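Engineer: quick one: sequence and predicted model below, then my questions.
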Amino acid sequence: MIASRNLGFVAAAATLLAAAPLSSIFQRWTWLVQAAIAVAVVAGVAALARLLRAPLWGQALGMLAGLLLALTWLFPGGTELVAFIPTPATLAHFGELMQGSAQDMRSYGVKVPDTTPLLFITVLGVGAVAMLVDLLAVGLRRPALAGLPMLAIYSVPVAVYVDSVPALPFVVGACGYLWLLVTDNVERVRRFGRRFTGEGRDVDVWEASPLAAAGRRLAVVGVALAVAVPLAVPGMTGGLLDQFNSVGDGTGNGRPGQGGSPGRIDLFAALSGQLNQSEVAEMVKVTTTESSPFYLRFGVADELRPDGFRVRPPNGRRVDRDLPGVPARQGVAQQRHRATVEVSRNLTMPLVPVYSDPVDVDGLSGNWLYDQNLGVVFSNRDNSRGKRYSFEYVRSTFSPAALRRAPSLPAEHPIAVQQTRRPAVQQVDLLVSRLIEGKRTDYDKVRAIYDYFSRDNGFSYSLSTKGGTSGQEIVDFLTNKVGFCQQYAAAMAWLVRSAGIPARVAFGFTNGTGAGDDTWVLTNRNLHAWTEVYFDQMGWVPFDPTPAYAVQGANRSAWAPDSDAPDPEPSGTSAPGATPDDPGGSAGPDRPDAADREVDEGFDPVTGAPVRRTPTWPWWTAGGVLALLALLSVPALRRVTLRRRRHAQPAPAAVAAGSGDAAPEATGIVVLGADRDRARADAHTAWDELLDTLVDYRVRVDRTETPRATAERLVRDALSDDATSTAAVRLLGRAEERARYARDPLTGEPLHPALRSVRGALAARSDRRTRLLAALLPPSVLLRWRLAVAERSSWLVATGGQARYRLARWSPRRLLARRV
Amino acid sequence: MTQQTWDEVGGLLPHDEFRAASEAIVANIEQVIEGKTATVRLALAVLLAEGHLLIEDVPGVGKTKLAKALARSIDCSVRRIQFTPDLLPSDVTGVSVYNQETHDFEFRPGAVFANLVVGDEINRASPKTQSALLECMEERQVTVDGVTYQLQTPFMVIATQNPIEMEGTYPLPEAQRDRFTARIAMGYPGPEAELAMLDGHGAADPLQELRPVSDADTVRRLIATVRQVHVADAVKQYAVDLVTATRESPELRLGASPRSTLQLLRTARAVAALEGRDYVVPDDLQALAVPVLAHRIIPTADAQLARRTTDAIVSELVHRLALPQDRKRTQYDAPRPATGNGRPPFEPRRP
């Protein structure tokens, strides 16, 4: 009875601990007080029912009644008798509260305030869980099952927070569960009386039970596996750590996009939302060695659908591995720079901003991937919040002459196919054909379109227009000629695509305010969109058609000068910035848009194939097979080297008749001591080799047999009618016997030919499987390894046991009691 | 340690002479005992090991004949004692009688004052009489009336007895049994040997025609040669292991004595020498374990109830006991495989 009462108390406490995850949902702690009251009532009623020896169903009914009373008292409807006796009206009130809670769940986001319906549903749930836990743990004595209702509580925050679930409350709940399990087990064991070891020694209460050693080892192995497997499997790394990082996260305050996969963000919506915010929030601080960098970019929209430009799910390789380099291009000046970026807590995106063409990234985990085609760094499970990283990048500076030399992209080129795809809008096509009339090169066509977005043509900047990049909206923009960066960028990209030249919209930050030391502070006002146009052999070249006067920190380049400036010629002072892309790796359209496959892609080594990446799995398979073969051949190699070494022993020298430094114990025949030792060692070696050969060919080796007996047995059983090998094995036996037991070992005998003969005879009489195994996986080597492993592990167990026993002397638990 | 070479040791026999002498004795005995070469050689080995031999078997298989044949083959003093239930200790050791002429007691030596003493049907005498043999067998001396008389060398007691189950026998005391180096059984002869026996023994007793082929001096030199046989450390270790195993066997109430270890090794030396080796191998010990050890040990009541003979127990021990593996290693040896502390991974727990 005392045990049950104790267990009931632990069950109630464990339930409350398991309710800890709810703390991440409520703003205040009122729910905990009320839930504690309900749980206490339930546990008290259960204890009382058990005291009265009520049957299990009686206990359940009692607890149900107790819970009802507690709920009536906590959430009165005004019609109760004596404040806590429910009436039918009370139940109706509860029904209203239930409906109200469903409504509140829809109307409030986390963290929710203390509304009566939500508190009611919480207390009801926790009380029901307390009932179930009590019934399972105390009534049925199945505390392991009680984990299920406890887990149900945890599923509430899991359902609420889609992407990041707080882990710390779960740990608290798990501790409660473990407490319940341990208590139950201790009760169970104590029913048997005293604990003692296998040798009959009593176990003090402070000592761990030796009977549970197997369980402990299993637990250790299980936990180690659970930790090691996600670390070993690529793509699962960091899951645990990220959970800890994001404790209390997920308020979603002011972040662009909805989180989740980077492919599902509406960057346009995020951009206009940020630009329209009244307050200025610092987003990124960037330090670079470049004096006047071009825009910091984080996203690309290159899929043009009838409703406008959309972001495709990126895929790429891990940034903590080598990134592809940037090929040198004719007429393009390339310089390497280094930049450090600190993302503030205001920017939470599955993308991080980088300058174009990063070649080396530090400070980002393997969760971050780099899409070479889009030039973006993204992650499927991490976000940019609070990240600090540095990277090296290649800044390409194009010249108009070089761009002019660039040939047109063939129409069947995958980039041309994909990046010129657009819905047919007649007004746009008419406008483009008018604009590019008479222009021969791609660059001239692009410049004509670019220059079209100028003040002379009536374009002006305003944030107050409606965003959107669908066909109708573009036509509206081209008609009204008022808009902001996203409309300029999208319109130019659309127009360039109409001209048959690949183009896309890039997102990022303009250069913000300098904070000295080449450090730039970028706010939400610096968010920007611009156009990138693809030139063959040049890559993606940025053009910013938005009026420069309206954009903070705008930067214009030599090949795309400010179309509103009085002097269209390139100014020598500011001419940085361009984003070429490696045309070699741009096979975007050929790739399936599988967002889940980036991880695999990230593993691929750089192959440098011109258009299509060669599949690398055959290499991996071949390498794996080779590695497997190498691993399998290790025992055979070990056997061969052992045999070689044994054969390489110097042949025993002939008996020397000298008496100079003769060994004194020699009687009769005087043998040089060294030669005798050598002959002895040689015989031992030959015998060892013979025994190993026997093991290899599955002939019994008996440690109680003398060499002579072994040789005779072999003659009798294994080498029945082969005269040579019979003589050989007898010779080996005699040599070993004399080496072991006689004053003078056998010298000058051909032991190695004898060994060969015996091995040949053994191989001849054994079946093919045995022969194959003896050659490939020699049982002698395996046996020796197994013995060594057994030896080592038994040593470990022995020393571990001693150490644990010594440590146990210092355990504070021994102060608890002398004996139990 | 300086050891003598073959040339320096006086009285030692060269290899071929040893072989010739020993083979001559064996061949001589085999004229009488057909088809029992192993038993005969073992008997000779016991002689060369300076031990005493107990021949136990059912009546009529040639125990006494073997004893007498061995005695006759060697030209030395031979005495025979027929152990009867009324035999007195003084009949064995000798007695002081009053000489009326000299008016003094004078010692009349008993039957043990000889090189070879054949004690027939030894277990038909009472334990009192048998205990007269204790001193002479172990210490090779006889003390009568406070005077100690040394016995000659070689000195060997060859006793025959019927198994204890036969009627009219007393069990030998443990101390007495322990003094016998080996107990051998004759066993029935094979069919051919029995046929040959019928032919040979039909007309005349071949024992009467047996002539000595050796003498006491030769035997002494043989014994000296046997003492020089080399025993490696591993073999000594094996002997100790074997004897220890009998002491620790759960089936045995009394294990083998340290004296038995000595005698085991001594007999092994003799056997090795008879086989023409100058070193002892564990095979010798294995072959000798049953003759040398089995008659000294006493099985527990449980083992007796299970009808386990001591012979079976000892031969099982021999089959179970591993050879000592720690042989001497030299710098030419291949490196040892890593075996940790040299113990087997799981040591058998001792009872």
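Structural biologist: Sure thing, it's come through. Numbers count the residues shown, from 1 in each chain, chains lettered A, B, ... in the order given.
Engineer: per-residue confidence at A:Asp249?
Structural biologist: At A:Asp249, the pLDDT value in this model is 37.
Engineer: neighbours of A:Lys111, how many?
Structural biologist: 15 (other CB atoms under 10 Å in any protein chain shown). For every residue, glycine as well, the C-beta is placed using N, CA and C.
Engineer: against B:Arg308, how distant is it?
Structural biologist: For A:Lys111, the distance to B:Arg308 equals 84 Å [CB to CB, to the nearest Å].
Engineer: repeat for A:Leu463
Structural biologist: 108 Å.
Engineer: who's more crowded, these two?
Structural biologist: B:Arg308 (16 against 12).
Engineer: let me see the confidence value for that one.
Structural biologist: At B:Arg308, the pLDDT recorded in the model is 89.
Engineer: equivalent analysis for A:Arg713, please.
Structural biologist: Taking A:Arg713 on its own, its pLDDT is 90.
Engineer: wait, what's in contact with B:Thr267?
Structural biologist: Contacts for B:Thr267 (CB atoms under 8 Å, 6 or more residues apart in numbering or on different chains) come out as B:Ala45, B:Val46, B:Ala49, B:Gly51, B:Thr181, B:Ala182, B:Leu288, B:Pro291, B:Val292.
Engineer: repeat the analysis, applying 6 Å as the threshold.
Structural biologist: B:Ala45, B:Ala49, B:Thr181, B:Leu288, B:Val292 (CB atoms under 6 Å, 6 or more residues apart in numbering or on different chains).
Engineer: by neighbours, which of those wins?
Structural biologist: B:Val292 (31 neighbours).
Engineer: now it: which helix or strand?
Structural biologist: Secondary structure from DSSP states H and E places B:Val292 in helix B:282-293.
Engineer: tell me how the chain divides into domains.
Structural biologist: Here I'm looking at chain A. A:2-193, A:649-777 (automatic domain parsing).
Engineer: wrong one, I was asking about chain B
Structural biologist: Split by automatic domain parsing, chain B gives B:11-86+B:114-228, B:230-326.
Engineer: of the ones you listed, which is nearest A:Glu689?
Structural biologist: domain B:230-326 (16.2 Å; CB to CB).
Engineer: could you point out which residue ranges in the stretch 201-350 of chain B have low pLDDT?
Structural biologist: B:326-350 (pLDDT under 70).
Engineer: at 80 what do you get?
Structural biologist: Counting by pLDDT under 80, the stretch 201-350 of chain B shows low-confidence ranges at B:201-204, B:325-350.
Engineer: can you show me the helices along it?
Structural biologist: With DSSP state H, counting those that start in this stretch, the ranges of helices along the stretch 201-350 of chain B come out as B:206-209, B:216-227, B:233-248, B:258-274, B:282-293, B:301-305, B:310-320.
Engineer: would you mind finding the most buried of these?
Structural biologist: helix B:282-293 (a mean of 25; mean count of other CB atoms under 10 Å in any protein chain shown).
Engineer: got the angle for it vs helix B:258-274?
Structural biologist: Put simply, helix B:282-293 runs at 130 degrees to helix B:258-274, going by axes from the mean of the first three to the mean of the last three CA atoms, to 10 degrees.
Engineer: show residues contacting helix B:282-293.
Structural biologist: Contacts for helix B:282-293 (CB under 6 Å, 6+ apart): A:706, A:708, B:182, B:184, B:235, B:238-239, B:256, B:260, B:264, B:267-268, B:271-272, B:311, B:314-315, B:318, B:323.
Engineer: show the end-to-end separation of stretch A:461-477, please.
Structural biologist: 11 Å (CA to CA, to the nearest Å).
Engineer: burial of the residue of chain A found nearest chain B, as a residue count?
Structural biologist: Nearest residue of chain A to chain B, counting by CB to the nearest CB: A:Ala681, 3.4 Å away. Neighbour count of A:Ala681, defined by other CB under 10 Å: 22.
Engineer: ok, A:Trp785 next?
Structural biologist: 15.
Engineer: elements contacting the helix or strand where it lies?
Structural biologist: A:Trp785 is part of helix A:779-808, with elements assigned from DSSP H and E. Secondary-structure packing of helix A:779-808 (3 or more CB pairs under 6 Å, 6 or more residues apart in numbering or on different chains; DSSP states H and E): helix A:617-647, helix A:673-696.
Engineer: deepest of those, which one?
Structural biologist: helix A:673-696 (a mean of 22).
Engineer: distance from the chain centre to that helix, please.
Structural biologist: 54 Å (CA atoms, centre = their mean, to the nearest Å).
Engineer: tilt between that helix and helix A:779-808?
Structural biologist: Going by the same axes, to 10 degrees, helix A:673-696 makes 90 degrees with helix A:779-808.
Engineer: reformat the helices of the stretch 201-350 of chain B as TSV; add distance to A:Arg321.
Structural biologist: Below are the helices of the stretch 201-350 of chain B laid out as TSV (distance: least, CB to CB, whole Å):
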stretch	distance to A:Arg321
helix B:206-209	100
helix B:216-227	80
helix B:233-248	61
helix B:258-274	73
helix B:282-293	65
helix B:301-305	74
helix B:310-320	62
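Engineer: closest one to A:Phe398 among those?
Structural biologist: Closest to A:Phe398 of the helices of the stretch 201-350 of chain B is helix B:233-248 (CB to CB; 88.2 Å).
Engineer: what pLDDT does the closest residue to A:Leu97 other than its chain neighbours get?
Structural biologist: Spatial nearest neighbour of A:Leu97, excluding adjacent residues (CB to CB, 6 or more residues apart in numbering or on different chains): A:Phe120 at 4.4 Å. At A:Phe120, the pLDDT value in this model is 91.
Engineer: is it true that A:Phe120 touches A:Phe75?
Structural biologist: Yes. Applying CB atoms under 6 Å, one finds A:Phe120 in contact with A:Phe75, separated by 5.1 Å.
Engineer: which one of the two has more residues nearby?
Structural biologist: A:Phe120 (22 against 18).
Engineer: quick one: buried residues of the helix or strand harbouring the more buried one?
Structural biologist: If you go by DSSP H and E, A:Phe120 is part of helix A:116-134. Using 16 or more other CB atoms under 10 Å in any protein chain shown as the test for burial, helix A:116-134 gives A:117-134.
Engineer: over to stretch B:162-169?
Structural biologist: B:Asn162, B:Thr169.
Engineer: quick one, what contacts A:Leu409?
Structural biologist: Listed by CB under 6 Å, 6+ apart, the contact partners of A:Leu409 are A:Ala416, A:Asp536.
Engineer: try 10 Å this time
Structural biologist: A:415-417, A:419-420, A:442, A:500-502, A:534-537, A:583 (CB atoms under 10 Å, 6 or more residues apart in numbering or on different chains).
Engineer: in which helix or strand does it reside?
Structural biologist: Counting by DSSP H and E, A:Leu409 is part of no helix or strand.
Engineer: quick check: closest non-adjacent residue to residue 119.
Structural biologist: In the absence of a named chain, this looks at chain A. A:Trp31 (5.6 Å).
Engineer: the intended chain is chain B.
Structural biologist: Closest residue to B:Gly119 in three dimensions, ignoring its sequence neighbours and counting by CB to CB, 6+ apart: B:Ala159, at 4.0 Å.
Engineer: can you check A:Asp717 too?
Structural biologist: According to CB to CB, 6+ apart, the nearest residue to A:Asp717 is A:Val699 (7.8 Å).
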